[in-house]
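S.K.: Dropping a prediction and its sequence here:
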Amino acid sequence: MATVNLLAWKESIERELKDNILSFWMEHSVDQANGGFVGEISNDMKINPNADKGLVLHARVLWTFSAAYRIYKDAAYLNMAERAYRYLLDKFWDNQYGGFFWMLDYKGEPIQEKKQVYGQAFAIYALAEYNRATGNADALERAILMFDLLEQHSVDHEYGGYIEALGRDWHETDQLSLSDKDLNEKKSMNTHLHVMEAYTNLYRVWQTDVLKSRLGEIIKITIDHILTPDQRHFYLFFDEQWNVKSHEVSYGHDIEGSWLLVEAAEVLSNPALIERASKAAIAMAEATLAEGVDEDGGIINEGDSSGWIDTDKHWWPQAEAIVGFVNAYEMTNKEDYLQAAFKTWQFIDLYIIDKVNGEWYWKTDRAGNPDHSQLKVEPWKCPYHNGRMGFEVIERLERIHSK
């Protein structure tokens, strides 16, 4: 790919990041009446003022705008981050037992009080980023407290890894599943992936032996238990003894995990783990490129041993594929990966970006027709995947160009 095209591509991603993704959330998502951010906006921009407010959305807004402020030093981004930070601590934090509630009503009262480890991980991830961006010591203290709570209550000391969820008081619960789409099993790929991601970001600002040990352990668990034996895919669900409970393939999680694994090992500065993570990352990127990319560059949602089983193209796997393929190019210098990343960007630009109302459609069908029934903002539809793609790919394309 010619240098001029690399620069043009970088500039187009930066325009999308600043002028569409970040600006959309600043203009439309702030809940002036009840605090925090609105819980639901339809695809045609109708706000539901009484929608519940999710921990994941608020933590991801905090992470996104903290990262945006750290990179661009724009006070408007800082204002968004500060708003998210205050609301997380004022409303989501459980003053009795510690940790963050999973769901609040629109007024900020808890309605789902369980301690979903996935959500606690995103809080750590976001608090660490807020500390990186602002130096706020209280945010780091809260992130460390959350680390201690997870290590005290969620770790499976017999078989390793982390239990999916606990009750409000951190005792065992049978309500484990992350959503109604997930299995009610003790362990999942998704939770471990994002605990790893959270601990990676925390290690950037809190380099202690205990965190170093735990992050290294998660990387090993991911490679030893969550990856398939050929290292080309993730298994998705497990019982507590790591017996596999599902065999579907999530191409978005595979390509996302490929670069997050390498990032974790590199932040840890562990040569042996970097070698193992890099080998796995290349295998996953290779498999996603071979099996999960459609002719138009879009990433297929799910498959199994029979082939594709869900040919819709959700917004977030498209974003993660760009980062994952650019990461694979940086590791291998194989042009196919850079071309694949660019082709996925072209798919996003043509079909996923909402050129009328802003932000991105939740998903399209295989042909690229957007599903207008899906929400533009809701507990899972946040600026994290596409915003992070922007931050990561801008930096990586600059690095590739400078070589």
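M.R.: Arrived safely, thanks for sending.
S.K.: what number of residues lie near residue 194?
M.R.: Neighbours of residue 194 under the rule other C-beta atoms under 10 Å: 22. Where you see a C-beta, it was placed from the backbone N, CA and C, and this is true even at glycine.
S.K.: In three-state terms, label it for me.
M.R.: At residue 194, secondary structure determined by DSSP: H, G, I helix; E, B strand; the rest coil is helix.
S.K.: Quick one: end-to-end length of stretch 28-45, please.
M.R.: Distance between the two ends of stretch 28-45: 9 Å, counting by C-alpha to C-alpha, to the nearest Å.
S.K.: Need the mean per-residue confidence for it.
M.R.: Throughout stretch 28-45, pLDDT has a mean value of 98.
S.K.: List the buried residues in that stretch.
M.R.: 28-31, 34-43 (16 or more other C-beta atoms under 10 Å).
S.K.: now do stretch 355-375
M.R.: Using 16+ other C-beta under 10 Å as the test for burial, stretch 355-375 gives 358, 359, 360, 361, 362, 363, 364, 366, 370, 374, 375.
S.K.: Just put these in a markdown table and tack on distance to residue 189, pLDDT and secondary structure.
M.R.: Listed next are the buried residues of stretch 355-375 as a markdown table, based on distance: C-beta to C-beta, whole Å; pLDDT from 0 to 100; DSSP: H, G, I helix; E, B strand; the rest coil:
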| residue | distance to residue 189 | pLDDT | secondary structure |
| --- | --- | --- | --- |
| 358 | 32 | 98 | coil |
| 359 | 27 | 98 | coil |
| 360 | 24 | 98 | strand |
| 361 | 25 | 98 | coil |
| 362 | 22 | 98 | coil |
| 363 | 21 | 98 | strand |
| 364 | 25 | 98 | strand |
| 366 | 25 | 98 | coil |
| 370 | 28 | 98 | strand |
| 374 | 24 | 98 | coil |
| 375 | 25 | 98 | coil |
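S.K.: Identify the farthest-apart pair in those.
M.R.: Across the buried residues of stretch 355-375, no pair lies farther apart than 358 and 366, at 24.3 Å, counting by C-beta to C-beta.
S.K.: Now do residue 251 against residue 65, distance only.
M.R.: Applying C-beta to C-beta, to the nearest Å, the value for residue 251 to residue 65 is 28 Å.
S.K.: any weak-confidence spans in the chain?
M.R.: Scanning the chain for pLDDT under 70 picks out 1-4.
S.K.: Which stretches in it count as helices?
M.R.: Secondary structure of the chain, counting by DSSP state H: helices at 3-16, 23-28, 55-72, 75-87, 117-134, 137-153, 189-205, 209-221, 251-268, 271-291, 315-332, 335-347, 384-402.
S.K.: Compile the ones you listed into JSON lines and extend it with columns for distance to residue 179.
M.R.: Output for the helices of the chain, formatted as JSON lines (distance: least, C-beta to C-beta, whole Å):
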{"stretch": "helix 3-16", "distance to residue 179": "28"}
{"stretch": "helix 23-28", "distance to residue 179": "22"}
{"stretch": "helix 55-72", "distance to residue 179": "10"}
{"stretch": "helix 75-87", "distance to residue 179": "22"}
{"stretch": "helix 117-134", "distance to residue 179": "10"}
{"stretch": "helix 137-153", "distance to residue 179": "20"}
{"stretch": "helix 189-205", "distance to residue 179": "10"}
{"stretch": "helix 209-221", "distance to residue 179": "22"}
{"stretch": "helix 251-268", "distance to residue 179": "14"}
{"stretch": "helix 271-291", "distance to residue 179": "23"}
{"stretch": "helix 315-332", "distance to residue 179": "14"}
{"stretch": "helix 335-347", "distance to residue 179": "25"}
{"stretch": "helix 384-402", "distance to residue 179": "16"}
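S.K.: for those helices, which one sits closest to residue 108?
M.R.: Minimum separation from residue 108 across the helices of the chain (C-beta to C-beta) falls at helix 75-87, 7.7 Å.
S.K.: Mind listing residues that contact the closest one?
M.R.: Residues outside helix 75-87 that contact it (C-beta atoms under 8 Å, 6 or more residues apart in numbering): 22, 25-26, 30, 35-37, 58-59, 61-62, 65-66, 68-69, 108, 126-127, 130, 133-134, 136, 139.
S.K.: Buried residues of it, list them for me.
M.R.: Buried residues in helix 75-87, counted by 16+ other C-beta under 10 Å: 77, 78, 80, 81, 82, 83, 84, 85, 87.
S.K.: Then stretch 111-123?
M.R.: Neighbour-count burial for stretch 111-123 flags 112, 113, 114, 115, 116, 117, 118, 119, 120, 121, 122, 123 (criterion: 16+ other C-beta under 10 Å).
S.K.: Centre of the chain to that stretch, how far?
M.R.: Here stretch 111-123 is found 15 Å from its chain centre; the criterion is C-alpha atoms, centre = their mean, to the nearest Å.
S.K.: Can I get it in CSV? Just the C-alpha atoms.
M.R.: This file holds the C-alpha atoms of stretch 111-123, laid out as CSV (Å, rounded to 0.1, in the frame of the first residue of the first chain):
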residue,chain,number,x,y,z
ILE,A,111,-32.3,-2.5,39.7
GLN,A,112,-29.7,-5.3,39.0
GLU,A,113,-27.4,-5.5,41.9
LYS,A,114,-25.2,-8.5,41.0
LYS,A,115,-21.5,-8.1,40.6
GLN,A,116,-21.0,-9.2,37.0
VAL,A,117,-17.2,-9.6,36.6
TYR,A,118,-17.3,-8.4,33.0
GLY,A,119,-18.7,-5.1,34.2
GLN,A,120,-16.2,-4.8,37.1
ALA,A,121,-13.4,-5.3,34.6
PHE,A,122,-14.7,-2.5,32.4
ALA,A,123,-14.8,-0.2,35.4
